[in-house]
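**Q** Fold the following and give me the result.
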Amino acid sequence: MIASQEALALDVMESFLGSTIVIRDKKFILSNLELYYGGIGDMAHDWYRSSFPDRYTKKSKHSKINTDAQISKGPIFYFNQKGQGRFKRCDIVIGNEGVAVSFLIRNALDSDLNSLGTINGQPNVVLKKMGLSDHDHLQTVRMIDTKDEVLSRGFEIQKLKRFTNGKFNGFDYDCPFARKEWNYRLVKST
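**A** Purely as a prediction, here's the structure:
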């Protein structure tokens, strides 16, 4: 059951990659997404940390008040904290109500296909450049399917392990999916 739910979430994430999101009439292409799935035991997911604090003892940078958004019906924007903190980041919650699954926006492209962050992604920088603010928390994500168009412009999908401690090492804790590829990004074809 867990493996099929994980596969479904990864398929949805791959379908979102290259799609365009619209924020106040500006368009951005999702170019690096990372799966967080508290519902299957991902201890780095904010909902999981809030729900099972005894299982994950590392200091968390999320707001427990905001965490309930991660079990809302998606696709909606979720911010781990309010204000302008340097660890603030944005996820797209994708599950049905009660399902804790989301994609961290690690990077995006502008309409000219220029990267908003570095190749490995900069979640805080990217959300600021997209103009996302606290007002967008829990708002529906406006999305346009542009994946095929983007891929035809010289991009391909690269699948990596989760980005942790400055590298694509996978999870920083032991779990059944620790070495799985949960980070998908667009890269220029060579």
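**Q** how about low-confidence regions in the chain?
**A** Applying pLDDT under 70 to the chain flags the ranges 56-65, 172-175, 178.
**Q** Need the distance between the two termini of stretch 142-157.
**A** 22 Å (CA to CA, to the nearest Å).
**Q** Could I get the buried residue list for that stretch?
**A** Buried residues in stretch 142-157, defined by neighbour count with 16 or more other CB atoms under 10 Å: 146-147, 150, 155. Just so you know, the C-beta spots here come from the backbone N, C-alpha and C atoms, and that holds for glycine as well.
**Q** what does it contact?
**A** Contacts of stretch 142-157 with the rest of the structure, by CB atoms under 8 Å, 6 or more residues apart in numbering, involve 14-23, 27, 29, 75, 109, 113, 184-189.
**Q** hmm, 10 Å instead?
**A** Here stretch 142-157 makes contact (CB atoms under 10 Å, 6 or more residues apart in numbering) with 14-25, 27, 29-31, 75, 92, 109, 113, 184-190.
**Q** are any of those buried, and which?
**A** Judged by 16+ other CB under 10 Å, buried ones among the contacts of stretch 142-157: 16-21, 23, 27, 29-31, 75, 92, 109, 184-186.
**Q** Now intersect the residues you listed with the strands, please.
**A** If you go by DSSP state E, the buried ones among the contacts of stretch 142-157 have 20-21, 23, 27, 29-31, 92, 109, 184-186 in strands.
**Q** Beta-bridge partners for the closest residue in space to L109 that isn't next to it in sequence, please?
**A** Excluding its sequence neighbours, the residue lying closest to L109 (CB to CB, 6 or more residues apart in numbering) is I29, at 4.2 Å. Counting by DSSP bridges, I29 is bridged to T20, L109.
**Q** Hmm, S19 and I29 touching each other?
**A** Yes. Using CB atoms under 10 Å, I29 is in contact with S19, at 7.2 Å.
**Q** Could you verify my assumption that R185 touches F103?
**A** No. With contact defined as CB under 10 Å, R185 does not reach F103; the gap is 11.8 Å.
**Q** Mind listing the shared neighbours of the two?
**A** By CB under 10 Å, 6+ apart, R185 and F103 have these common neighbours: 17, 30, 32-34.
**Q** isn't there a helix covering L10?
**A** Yes. Under DSSP: H, G, I helix; E, B strand; the rest coil, L10 sits within a helix.
**Q** State the distance from it to N183.
**A** L10 is 10 Å from N183, where distance means CB to CB, to the nearest Å.
**Q** what residues do the two have in common as contacts?
**A** Contact criterion CB under 10 Å, 6+ apart; residues shared by L10 and N183: 35, 159.
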